[in-house]
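1. kindly generate the corresponding structure for this input.
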Amino acid sequence: MSKVLFLVNHDVVIYNFRLELVERLIKEGHQVVISSPYGERIEDLKALGCEYREIELSRHGTNPVKELKLISTYKKLINDIKPDIVFSYTIKPNIYGAIACKMTKTPCVANVTGLGTAVENGGIMQTITVMLYKLAFNKLKRLFFQNEENMQFFIDKKITSCPKTLLPGSGVNLKRFLPLEYRDDGKVHFAFVSRIMKEKGIDQYLDAAKYIKNKYPDTEFHVCGFCEQEYEEELKSLTNQGVITYHGMVRDVAGFLEGVNCTVHPTYYPEGISNVLLESSACARPIITTDRAGCREVIDDGVNGYIVKQQNSNDLIEKIEKFLSLTYEERKNMGLKGREKVEKEFDRQIVVDAYIREL
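-> Numbers count the residues shown, from 1 in each chain. This is a model prediction of the structure:
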């Protein structure tokens, strides 16, 4: 049996999106070690049988001394654990983990879960990040991508000649996220389920909520997720005015979606494949989202929801009004079409099987 080391920047990255892979590995008798900063899901993972190694990692820091120290930390960790293979996710564990694996001659499989704003926005940070990718990824056993646009970027920039595979994002657990009865209480409930930050489209969602709620009183706008400090006062004010309802962090996403008629995800953040879109579709909820990589793969415009332009509040308002003009049965059918789509294209078992083959 093998010893598998996971390198991630957050415990949720493993628990929410790779749990089925971890469970499969443990069931087959493999030893699983997880390295990440400590978080509330670590105890759940340890209870499953995982070994945990805490690591300090600043997700957004750019201090070169700390970045170099992370390579040294990963190298020491790998020499101590002596894994048969390393699976890494997100930018820093991917880059610095791969460099440490190369230094220790340890097989490594990385997963590009999105390019990040530093790469997408171009300029000097893109140049530096591409250079680091080229340095890190030239000895990878395989590189997984979650959308074609990200994979094409790596090909165009000639970053690595290692084997590349396109996966359906992180996939979605179709047994955990089941089709839910479609809510019918005389109102239409919209939901924003994401980290509350500018790039996730929260400004556009709040603009739409203010306009639609005033024009269509029988609508409700829900917001849930970790709130960046700059939005705390605005969310509090709009909640007090009755424009939105802010629920904070929600652990049971499937349970929350039970009370939702449509998930609105107006993001322009460079992600792999949006998990909230996959989970909402699996629960038979229509979606409204942006025309960009990571979102357009999950939506067929007019079939299981609507596509909107990025950073365009007016277009979002127009699409919400279009959704409101549908009958209850038409909205419900949109959700069922979304379920059909994820069943065909985004079953998480596809992702799990790809990793088991690589192991």
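2. just checking, what packs against the strand or helix carrying Tyr306?
-> Taking DSSP states H and E as the definition, one finds Tyr306 inside strand 305-308. Contacts defined by 3 or more Cβ pairs under 8 Å, 6 or more residues apart in numbering; DSSP states H and E place strand 305-308 against strand 287-290, helix 313-324. For the C-beta atoms, the positions are set from N, CA and C on the backbone; glycine is no exception.
3. give me the distance from that strand to the chain's centre.
-> 19 Å (Cα atoms, centre = their mean, to the nearest Å).
4. in CSV, list the C-alpha atoms belonging to it.
-> Written as CSV, here are the backbone C-alpha positions of strand 305-308 (Å, rounded to 0.1, in the frame of the first residue of the first chain):
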residue,chain,number,x,y,z
GLY,A,305,-30.1,29.1,-16.2
TYR,A,306,-28.8,32.3,-17.8
ILE,A,307,-25.4,33.7,-18.6
VAL,A,308,-24.6,37.3,-17.7
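5. which residues touch the residue lying closest to Leu115 once chain neighbours are set aside?
-> Counting by Cβ to Cβ, 6 or more residues apart in numbering, Pro270 is the residue found nearest to Leu115 once chain neighbours are left out, at 4.8 Å. By Cβ atoms under 8 Å, 6 or more residues apart in numbering, the contact set of Pro270 is Gly114, Leu115, Gly116, Thr117, Val119, Glu120, Ala293, Gly294.
6. how about Ala293?
-> Asn147, Glu148, Glu149, Asn150, Pro270.
7. what sits closest to the first one if chain neighbours are left out?
-> In space, Asn147 comes closest to Ala293 once its chain neighbours are excluded; the distance is 4.7 Å by Cβ to Cβ, 6+ apart.
8. skip the chain neighbours and tell me the closest residue to Tyr182.
-> Lys332 (4.3 Å).
9. same check on Leu25?
-> Val32 (5.3 Å).
10. mind checking the SS state of the one you found?
-> Following DSSP: H, G, I helix; E, B strand; the rest coil, Val32 is assigned to strand.
11. neighbours around it, how many?
-> 24 (other Cβ atoms under 10 Å).
12. ditto for Tyr328
-> 12.
13. and for it, nearest residue in space, chain neighbours not counted?
-> Using Cβ to Cβ, 6+ apart, the closest residue to Tyr328 is Asp184 (6.1 Å).
14. phi, psi of Asp347?
-> phi -60, psi 130 (degrees, to the nearest 10).
15. which strands and helices sit next to the helix or strand bottoming out on mean pLDDT in the chain?
-> Across the helices and strands of the chain, mean pLDDT, DSSP states H and E gives its lowest value to helix 116-120, namely a mean of 81. If you count contacts as 3+ Cβ pairs under 8 Å, 6+ apart, helix 116-120 packs onto helix 123-136.
16. most tightly packed of the helices and strands packed on strand 305-308?
-> strand 287-290 (a mean of 25; mean count of other Cβ atoms under 10 Å).
17. that older thread, of all the contacts of Ala293, which two lie farthest apart?
-> For the contacts of Ala293, the maximum inter-member distance is 13.7 Å, found between Glu148 and Pro270 (Cβ to Cβ).
18. where does pLDDT dip in the protein?
-> Across the chain, the stretches falling below the confidence threshold (pLDDT under 70) are 59-64.
19. at 50 what do you get?
-> Within the chain, no stretch has pLDDT under 50.
20. what ranges do the strands span in it?
-> 3-7, 31-36, 51-54, 85-89, 108-112, 142-145, 164-166, 188-193, 219-224, 245-246, 262-265, 287-290, 305-308 (DSSP state E).
21. contacting residues around Ser280?
-> Counting by Cβ under 8 Å, 6+ apart, Ser280 has contacts Val193, Leu257, Val260, Thr263, His265, Ile287, Gly338.
22. correct me, but Glu271 touches Val112?
-> No: between Glu271 and Val112 there is no contact under Cβ atoms under 8 Å: 10.5 Å.
23. need the residues touching each of these two.
-> The contact lists of Glu271 and Val112 share Gln146, where a contact means Cβ under 8 Å, 6+ apart.
24. returning to that earlier point: beta-bridge partners for the residue nearest to Leu25, please?
-> For Val32, the beta-bridge partners under DSSP bridges are Val4.
25. that one touches Arg24, doesn't it?
-> No: checked against Cβ under 8 Å, the pair Val32 and Arg24 is beyond contact range at 10.0 Å.
26. for the residue nearest to Leu25, give me its contacts.
-> Neighbour list for Val32: Val4, Phe6, Val22, Leu25, Ile26, Gly49, Cys50, Glu51 [criterion: Cβ under 8 Å, 6+ apart].
27. correct me if wrong: the fourth one contacts Val4.
-> Yes: under the criterion of Cβ under 8 Å, Leu25 makes contact with Val4 at 5.8 Å.
28. hey, what's in contact with both of these two?
-> Counting by Cβ under 8 Å, 6+ apart, the residues touching both Leu25 and Val4 are Val32, Leu359.
29. great, nothing more from me.
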